[in-house]
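**Student:** The sequence and its predicted three-dimensional model are supplied below.
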Amino acid sequence: MGNKIVIEPVSRVEGHGKVTVYLNDHGHVDKAHLHITQVRGFEKFCEGRLFNEMLAITPRICGICPVSHHLASAKACDAILGVKLTPTAEMLRRLIQYSQYVQSHALHFFYLACPDLLFGMESDPATRNIIGVISAQPELAKKGVFLRSFGQKIIEYLGEKRVHPNAAIPGGMNKALGTAERDFIASQIDQVIADSLLAVNIVKDFINKNKALADGFASFDSNYMGLVDANNHIEYYDGKLRLKDKTGIVLEDKFDPKDYLNYIEEKVEDWSYLKFPYYKKFGYPAGMYRVGPLGRFNAAEGCSTPLANREFQEARKMSKTGILQGSLYYHLARMIEMLNAAELIKALMQNDQICGKDIWVNGSIVNEEGVGVIEAPRGTLIHHYKVDKSGKIQKVNLIVATGHNNLAMNRAVFEVAREYIKDGKVTEGILNRIEVAIRCYDPCFSCSTHALGHMPLELSVHEADGTVREILSQ
Amino acid sequence: MAKVKVQTAWLDSCAGCHMSFLDLDEALIGLADKLEFGASPITDFKHFTPCDVGILEGSISNSHDEEVAKELRANCKILLVLGDCACFGGINNMRNLFTTPDIMARYYATESTTKGSVAPTSIELPGLTKVRPVNQVVKVDCYVPGCPPTASTILYALSELLNGRIPILPGEIMRFD
């Protein structure tokens, strides 16, 4: 008779959800589901609003990466107006985007994920958190605080607020960057680059010391997707979408993101509110692809800045095919991106146009449809609006980063459960291992369900008839 | 001095209020000496235990949110609600203009969704309710609005609590966006 194990909820990730592991007659793992348990309804309740309000409404999907929704929304609105941004406006949009990468990646690594790497996956849960890091390694914690704070300050310069800024407007930006602000950013940037490099090295050390774990933990075949520039370097704000398969063969070389409907479809499963996007040509579920830092890393051929590119090329050599598929490599790709973003900010500060005042172009509604696509820190983010002639929103479609990773996160949970749960025996340490697998993806369930919440982990073993045999929790 | 024990949760929200708390930056390191965190999205403690201060972010939008709010209320001496969603329902109130079937019908029939899909019905998934502020479900002791409240507003509220006073925000830091 089969058993069912339920894990609810999971912490140090950003969302509401739970995990169910089904055991077969021999007590081995048969299947595993990560259920996303909330729906917020932005696709419906934005209907009837004016399109330019979307830049303020949609960031409220996520307080961790509000800049992502703000910019994807701005780009969709630019498309409705049919406008091309001034050079300064595009540079400022890129500045706020790169700044969000620094703050979001620093938040994830230093505040949420590094306790697992520093203290061990099965260490004492009482200190396995940011407060534990502050006590054990205060200098390191201060660097994390500094990096996040640096990114947040730039967001505040451009948008008046650190969370839910009002920076972009359809056709440009709301506010120019002052020279004093530029000088402050320029005075800090070398330290930001140095600390980002340090973070890259922490992850590299961890991987070198735990190579077998890194290669084997939650490792599985999948396709990969991300935006790239004309040189196939990782791109964050604009560019074309590129897809590769598990061996590195290019499946789609730079398609226009506005044509996403030709390539991506979302399947609905009865056990999760979150839909399951997949690559149409491969069907479901073979069309599983991963996005976010590792998705971009595997889909691209390099980074556009020297230090990040050096780390990128070195990381590539960690596997024969150049494709890294272990979920723990997400951490390495993420820190390389933080370094990349810091170097990109430095380059922007060296261009006098960054303080230009020509930051907005006027326009009127020329298109009744607009698609805005950017790379959010957690992966590709698609905003698609349809408006009437007066600019009232008729239809909204959103596909967010954690949504793209839904199939992959389910697979990661399955792989870890299958490896560590034997003969129906589950221990507390396994709980955090499953959480570690989910945490690699830095999932933001607030984005994905357009909802978010706390997922402490509880694991209960159910008999096939539904009665609870035992409950384990941390 | 014994540390003040704080537990937090986010309900139907964006986590922005918790992020604003983390925006305390260096002040966070100072607070680590005075505050002790129990169950919270930023720790691995999974269940509420008796504590001094409970902090809730987000509105009550499904049956699970309601359970979490009641459980935290039962475990804390003072309940503080953080942000517009918890104080008033916030942006989530926009959902109340539509019926739940309409909300679900659109999400599961977007242009990118497989044709003919229907909304999930699994018993594993809590059903949506009307969006409500926290005080419609449990007693609330203090309100810190804002979308999100700034880090300095949150620090003011926590400092007042640490000094044994229920925070009443002065006009200049009371804001709703």
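**Tutor:** That came in fine, so what should we check first?

**Student:** Mind telling me which residue of chain B is nearest chain A?
**Tutor:** Nearest residue of chain B to chain A: B:Gly16, at 2.2 Å (CB to the nearest CB). The way it works is simple: take the backbone N, C-alpha and C, and place the C-beta from them, glycine included.

**Student:** Now name the helix or strand holding B:Ala9.
**Tutor:** Counting by DSSP states H and E, the element that carries B:Ala9 is strand B:4-10.

**Student:** Can you list the helices and strands that that strand packs against?
**Tutor:** helix B:16-22, strand B:35-37, strand B:51-57, helix B:63-75 (3 or more CB pairs under 8 Å, 6 or more residues apart in numbering or on different chains; DSSP states H and E).

**Student:** Show me which residues of the stretch 301-450 of chain A are close to chain B?
**Tutor:** For the stretch 301-450 of chain A, the contact set with chain B under CB under 8 Å from any CB of the partner chain comprises A:384, A:395, A:397, A:399, A:432, A:446.

**Student:** after the helix or strand encompassing A:Val145, next one along is what?
**Tutor:** Taking DSSP H and E as the definition, A:Val145 sits inside helix A:138-159. Tracing the chain past helix A:138-159, the next element assigned as helix or strand by DSSP H and E is strand A:168-169.

**Student:** Give me the helices and strands touching that next one, please.
**Tutor:** Packed next to strand A:168-169, using 3+ CB pairs under 8 Å, 6+ apart, are helix A:66-81.

**Student:** quick one: is the helix it packs on near chain B?
**Tutor:** Yes - interface with chain B: helix A:66-81 contributes A:Pro66 (CB under 8 Å from any CB).

**Student:** try stretch A:187-200
**Tutor:** No - Stretch A:187-200 lies apart from chain B when judged by CB under 8 Å from any CB; the minimum separation is 13.4 Å.

**Student:** Give me the contacts around that stretch.
**Tutor:** The contact list for stretch A:187-200 (CB atoms under 8 Å, 6 or more residues apart in numbering or on different chains) reads A:102, A:106, A:109-110, A:143, A:146-147, A:150, A:307, A:311, A:332, A:335-336, A:338-339, A:342-343, A:345-346, A:349.

**Student:** buried set for it?
**Tutor:** A:188-189, A:192-193, A:195-197, A:199-200 (16 or more other CB atoms under 10 Å in any protein chain shown).

**Student:** Pull the distance from it to the chain's centre.
**Tutor:** 21 Å (CA atoms, centre = their mean, to the nearest Å).

**Student:** B:Val134 and B:Leu56 touch, don't they?
**Tutor:** Yes - taking contacts as CB atoms under 8 Å, B:Val134 lies within contact range of B:Leu56: 5.4 Å.

**Student:** Tell me which stretches of the stretch 251-400 of chain A form helices.
**Tutor:** Using DSSP state H, counting those that start in this stretch, the helices of the stretch 251-400 of chain A run over A:293-299, A:306-316, A:329-349.

**Student:** Let me have those in JSON lines, extended by mean pLDDT, distance to B:Lys3 and mean neighbour count.
**Tutor:** Rendered in JSON lines, the data for the helices of the stretch 251-400 of chain A read as follows (pLDDT from 0 to 100; distance: least, CB to CB, whole Å; neighbours: other CB atoms under 10 Å in any protein chain shown):
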{"stretch": "helix A:293-299", "mean pLDDT": "98", "distance to B:Lys3": "36", "mean neighbour count": "29"}
{"stretch": "helix A:306-316", "mean pLDDT": "98", "distance to B:Lys3": "40", "mean neighbour count": "18"}
{"stretch": "helix A:329-349", "mean pLDDT": "97", "distance to B:Lys3": "31", "mean neighbour count": "25"}
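
**Student:** Output those in TSV; the columns should cover distance to A:Ile64.
**Tutor:** Below are these laid out as TSV (distance: least, CB to CB, whole Å):
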stretch	distance to A:Ile64
helix A:293-299	15
helix A:306-316	22
helix A:329-349	14
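
**Student:** quick one: which of those is nearest B:Cys147?
**Tutor:** helix A:329-349 (26.1 Å; CB to CB).

**Student:** and the closest one, what does it pack onto?
**Tutor:** So helix A:329-349, by 3+ CB pairs under 8 Å, 6+ apart, packs with helix A:87-106, helix A:179-209, helix A:293-299, helix A:306-316.

**Student:** Alpha carbons of the third one, as PDB, please.
**Tutor:** Provided in PDB are the C-alpha atoms of helix A:293-299 (Å, rounded to 0.1, in the frame of the first residue of the first chain):
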ATOM      1  CA  PRO A 293      20.700  32.800 -13.100                       C
ATOM      2  CA  LEU A 294      21.500  29.200 -14.300                       C
ATOM      3  CA  GLY A 295      19.000  29.400 -17.200                       C
ATOM      4  CA  ARG A 296      20.700  32.600 -18.400                       C
ATOM      5  CA  PHE A 297      24.200  31.100 -17.800                       C
ATOM      6  CA  ASN A 298      23.400  28.000 -19.800                       C
ATOM      7  CA  ALA A 299      21.600  29.800 -22.600                       C
END
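
**Student:** Does anything pack onto it? Which helices or strands?
**Tutor:** strand A:223-228, strand A:240-244, helix A:329-349, strand A:379-387.

**Student:** A:Glu301: which of those is closest?
**Tutor:** strand A:223-228 (7.8 Å).

**Student:** in chain B, which residue is closest to the centre?
**Tutor:** B:Glu57 (1.1 Å; CA atoms, centre = their mean).

**Student:** Look up which residues are beta-bridged to that one.
**Tutor:** When assigned by DSSP bridges, B:Glu57 has beta-bridge partners B:Trp10, B:Leu82.

**Student:** OK, contacts around it?
**Tutor:** With CB under 8 Å, 6+ apart, B:Glu57 has these contacts: B:8-11, B:13, B:15-18, B:81-83, B:85-86.

**Student:** between these, which is closest to A:Gln137?
**Tutor:** B:His18 (22.5 Å).

**Student:** what's the weakest-modelled helix or strand in the chain?
**Tutor:** Using chain A. helix A:445-448 (a mean of 46; mean pLDDT, DSSP states H and E).

**Student:** That was the other one, I meant chain B.
**Tutor:** Lowest-scoring helix/strand for chain B, mean pLDDT, DSSP H and E: helix B:26-31, at a mean of 83.
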